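Visitor: Here's a sequence, model it:
(one chain, ligands or ions: 1)
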Amino acid sequence: MRTLMSSPQQDGYRMPGEFEPHQKTYLLWPQRPDNWRNGGKPAQKAFVAVATAISKFELVVVGVNDDQYLNARTLLPDQVEVIELSSNDAWIRDSGATFVVNGQGGLRGIDWTFNAWGGLVDGLYAPWDKDDRVAQKLTELERADRYRLDDFVLEGGSFHVDGEGTLITTEECLLSAGRNPSMSKEQIEQRLKSSLNVTKVIWLKRGIYQDETNGHLDNIANFVRPGEVVLAWTDDQTDPQYAISQENLKILENATDAHGRSLKVHKLQLPSPITITEPESAGVDAVAGTLPRQAGDRLAASYVNYYTANGGIVFPLFGDPADAAAQATLQALYPERQVVGVPAREILLGGGNIHCITQQVPLV
Ligand code: KQY
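Guide: Take a look at the predicted model:
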């Protein structure tokens, strides 16, 4: 397939909102023992539950390193397709391609440079070379030409689009020192506009408290549909998250989208703070260069990190009393979709959640 030197904006391609129809969803298989406890076994069970839940709504394809292929094939249900696809870890939202469409049957992929959330400045592991090839491999699998951005570091979890010209992101992430330190905010915004064919960028300041991705947007806010945004929320004034969510609410309430509409903001209550236990910490291999998982560390738990599938919402359960309220809130926001909760503590322990481990291919 071709590598293009132009931009999606020049070529008339746009990224659809996640709520638009999909062809399929890709996942990768978790296995690295310095990120997933107990050799990745509990996380693998959680990924199987996520893949199974999404497969009720659309085709799911799971990419697996060869040494785990037979294990994954055995654990995943028959309706889920399993292919060999090497990676350093399982965060395909970030390492995978961002797909764009032109409304005339055209599908292309954007292959951002991936550097494990900050490279040698504050990245989460090294090396990341296999991850950085995942996007190209997805475009080959989809027979889609690709835009490769050798000079621009970005992850798919750091933004959401409404499919109608608006993008939301955070300054904490996109202006972080480990991504594009030589670019100004204006230059970064310009690159987002040309790559994703949007005309309006809404900048939140910070993401979820202590999110190791430097505040990925997909953990704090999402487009429910054009003109409507869901925001992670707490009423607990003693929680450091309180000020962050308040600040983001003000920004969103004062913003207009690419069509000049004011945004309707829906609050989605967070679970009570969740921390790593001693046995959970002890199950993770300590490797220099990989972010350590220490007992007592607070995790960036948020129900906003859900996946929007064809006719369904797959959201994380944390075993918290707020799980039921989250389900009710999401069902009210998406009356036309079936809302399904999946136990996700094991995914959270790895540093992200359900949205971070999925990548959709839009329907053309
Ligand atoms: O949340 C994500 N999008 C990725 C988290 C990566 C964590 C690596 N330990």
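Visitor: can you map out the helices along the stretch 51-200 of the chain?
Guide: In the stretch 51-200 of the chain, the helices defined using DSSP state H, counting those that start in this stretch lie at 69-75, 92-95, 119-122, 129-141, 171-174, 185-196.
Visitor: Can you tell me what sits against the fourth one?
Guide: Okay, so that is helix 129-141. Helix 129-141 has contacts (Cβ atoms under 8 Å, 6 or more residues apart in numbering) with 1, 26, 28, 63, 83, 85-89, 91-92, 94-98, 108-116, 145-146, 148, 359, 361. Where you see a C-beta, it was placed from the backbone N, CA and C, and this is true even at glycine.
Visitor: and if you look at stretch 259-271?
Guide: 164-166, 224, 226-235, 241, 245, 249, 252-253, 255-257, 301-304, 318, 320, 322-323, 325-326, 329-330, 333.
Visitor: How many neighbouring residues does the closest residue to residue 343 other than its chain neighbours have?
Guide: Closest residue to residue 343 apart from its sequence neighbours, by Cβ to Cβ, 6 or more residues apart in numbering: residue 317 at 5.0 Å. Residues near residue 317, counting by other Cβ atoms under 10 Å, number 20.
Visitor: what's the pLDDT at residue 317?
Guide: On the pLDDT scale, residue 317 is placed at 98.
Visitor: is residue 148 in a bridge, and if so with what?
Guide: residue 111 (DSSP bridges).
Visitor: roughly how far apart are the nearest residue to residue 351 once chain neighbours are set aside and residue 272?
Guide: In space, and not counting its chain neighbours, residue 351 is closest to residue 212: 5.0 Å by Cβ to Cβ, 6+ apart. From residue 212 across to residue 272, the span is 20 Å (Cβ to Cβ, to the nearest Å).
Visitor: after the helix or strand harbouring residue 247 comes which helix or strand?
Guide: Following DSSP states H and E, one finds residue 247 within helix 240-254. Using DSSP H and E, the next helix or strand after helix 240-254 towards the C-terminus is strand 264-269.
Visitor: now that next one, how far from the chain's geometric center?
Guide: Chain-centre distance of strand 264-269: 19 Å, with Cα atoms, centre = their mean, to the nearest Å.
Visitor: Let's see it as CSV, backbone CA atoms only.
Guide: C-alpha atoms of strand 264-269 as CSV (Å, rounded to 0.1, in the frame of the first residue of the first chain):
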residue,chain,number,x,y,z
LYS,A,264,-24.0,20.2,26.4
VAL,A,265,-21.7,18.6,29.1
HIS,A,266,-22.8,15.5,31.0
LYS,A,267,-21.0,14.6,34.2
LEU,A,268,-20.0,10.9,34.8
GLN,A,269,-19.1,10.3,38.4
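Visitor: buried sites along the helix or strand following it?
Guide: Per DSSP H and E, strand 264-269 leads on to helix 278-282 as the next helix or strand towards the C-terminus. Neighbour-count burial for helix 278-282, counted by 16 or more other Cβ atoms under 10 Å, picks out 280-281.
Visitor: so does helix 278-282 get close to the ligand?
Guide: No. For helix 278-282, no contact with the ligand is found by Cβ under 6 Å from any ligand atom; the gap never falls below 13.8 Å.
Visitor: Show me what whichever helix or strand comes after that helix packs onto, helices and strands only.
Guide: Sequence-wise, the next helix or strand downstream of helix 278-282 (DSSP H and E) is strand 307-309. Applying 3 or more Cβ pairs under 8 Å, 6 or more residues apart in numbering; DSSP states H and E, we find strand 307-309 packed against strand 22-28, helix 41-55, strand 312-317.
Visitor: circling back to that earlier point, quick check on the contacts of stretch 259-271: which are buried?
Guide: Looks like those have 164-166, 224, 226-234, 241, 245, 249, 252, 255, 257, 301-304, 318, 320, 322-323, 326, 329-330, 333 buried, using 16+ other Cβ under 10 Å.
Visitor: What residues does this structure have near the ligand?
Guide: 35, 91, 93-94, 124, 157, 212-213, 216, 291, 350-352, 356.
Visitor: cutoff 8 Å now
Guide: Contact residues, the chain versus the ligand (Cβ under 8 Å from any ligand atom): 35, 89, 91, 93-94, 116-117, 124-125, 155, 157, 211-213, 216, 218-219, 290-291, 300, 305, 350-353, 355-356.
Visitor: got the contact list for the residue in the stretch 201-350 of the chain positioned nearest to the ligand?
Guide: Of all residues in the stretch 201-350 of the chain, residue 213 sits closest to the ligand, at 4.8 Å by Cβ to the nearest ligand atom. Going by Cβ under 8 Å, 6+ apart, residue 213 touches 94, 117, 155, 157-158, 173, 207, 219, 351-352.
Visitor: Check the contact between the residue nearest to residue 351 and residue 297; I expect there is one.
Guide: No. With contact defined as Cβ atoms under 8 Å, residue 212 does not count as touching residue 297 (9.6 Å).
Visitor: Would you mind telling me which of these two has more residues around it?
Guide: residue 212 (18 against 15).
Visitor: Nothing else from me, thank you.
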